[in-house]
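Asker: no sequence on this one, just coordinates:
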């Protein structure tokens with residue numbers, strides 16, 4: 001399900017022509033969004049420039065589950081056609097992962113597990129993109145419009161289920177959307193700032 005929260009709606013009580021001109025002019029002059037966040041903040045929303053999606057929290061703080069046994073990891077992560085009882089698969093597993101059959105019932109390497117967990121479960125409920133989705137979705141940001149069209153100034157809320165679990169992201173439609181969202185957060189009294197550079201965290 002994709003929903004669009006639009007800052008152009010009168011329901012936001014936020015956007016005026018002078019404010020829009022201010023943000024547009026700043027972006028045109030400096031090539032980045034004007035973000036006027038509060039001096040006293042408790043939370044930081046990070047806009048990932050690769051995805052244009054918000055993240056709340058740090059991937060380093062993810063509460064990883066205990067590593068599964070190698071047998072389970074092999075079954076779930078290597079792919080179809082791998083059978084730990086098949087000599088060809090045993091050879092393949094050893095050549096590519098250095099794991100002997102005698103180790104299949106032992107917990108897999110923690111670094112290996114975390115790498116695949118972060119890759120395959122990136123958008124699950126306990127990751128920064130999902131935290132950002134839950135946080136923003138629970139605020140009174142304005143009207144929700146059912147739309148897949150990326151036009152105007154607002155946010156795209158993506159909430160869908162996939163083979164690896166829930167996919168929940170909040171994507172910006174335009175750089176000005178970042179400015180408008182920060183303005184709305186301040187108006188709502190939310191102690192949250194938006195940054196677009198990891199060095200600012």
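Answerer: Happy to help now that I have it. This is a predicted model, so every value here is computed, not measured.
Asker: CA atoms for contacts and neighbours, from now on please.
Answerer: Fine.
Asker: Against residue 108, how distant is the residue lying farthest from the centre of the chain?
Answerer: Computed with CA atoms, centre = their mean, the maximum C-alpha offset from the centroid of the chain is found at residue 87, amounting to 40.3 Å. Spatial separation of residue 87 from residue 108 under the definition CA to CA, to the nearest Å is 20 Å.
Asker: Nearest residue to the middle of this protein?
Answerer: Nearest residue to the geometric centre of the chain (CA atoms, centre = their mean): residue 129, 2.3 Å.
Asker: Residue 55 is in contact with that residue, correct?
Answerer: Yes: here residue 129 reaches residue 55: they are 4.4 Å apart, a contact under CA atoms under 8 Å.
Asker: And the helices in the protein, which stretches?
Answerer: Shown for the chain, the helices assigned by DSSP state H span residues 17-30, 70-77, 87-97, 110-120, 128-137, 175-187.
Asker: tell me which residues in the shortest one are buried?
Answerer: What it means is helix 70-77. Neighbour-count burial for helix 70-77, counted by 16 or more other CA atoms under 10 Å, picks out 70-74.
Asker: just the first one next, same as before
Answerer: Using 16+ other CA under 10 Å as the burial criterion, the residues of helix 17-30 that qualify are 20, 23-24, 27.
Asker: What helices and strands are in contact with it?
Answerer: Contact partners of helix 17-30 among helices and strands, from 3 or more CA pairs under 8 Å, 6 or more residues apart in numbering; DSSP states H and E: helix 175-187.
Asker: who's in contact with the helix it packs on?
Answerer: When contacts are taken as CA atoms under 8 Å, 6 or more residues apart in numbering, the neighbours of helix 175-187 outside the stretch itself are 7, 14-15, 20, 23-24, 27, 32-38, 141, 153-155, 172, 191-194.
Asker: Quick one, which of the residues you listed are buried?
Answerer: The buried subset of those (16+ other CA under 10 Å) comprises 7, 14-15, 20, 23-24, 27, 32-35, 37-38, 141, 153-155, 172, 192-194.
Asker: Phi, psi for residue 31 please.
Answerer: Main-chain dihedrals, residue 31, degrees, to the nearest 10: phi 70, psi 20.
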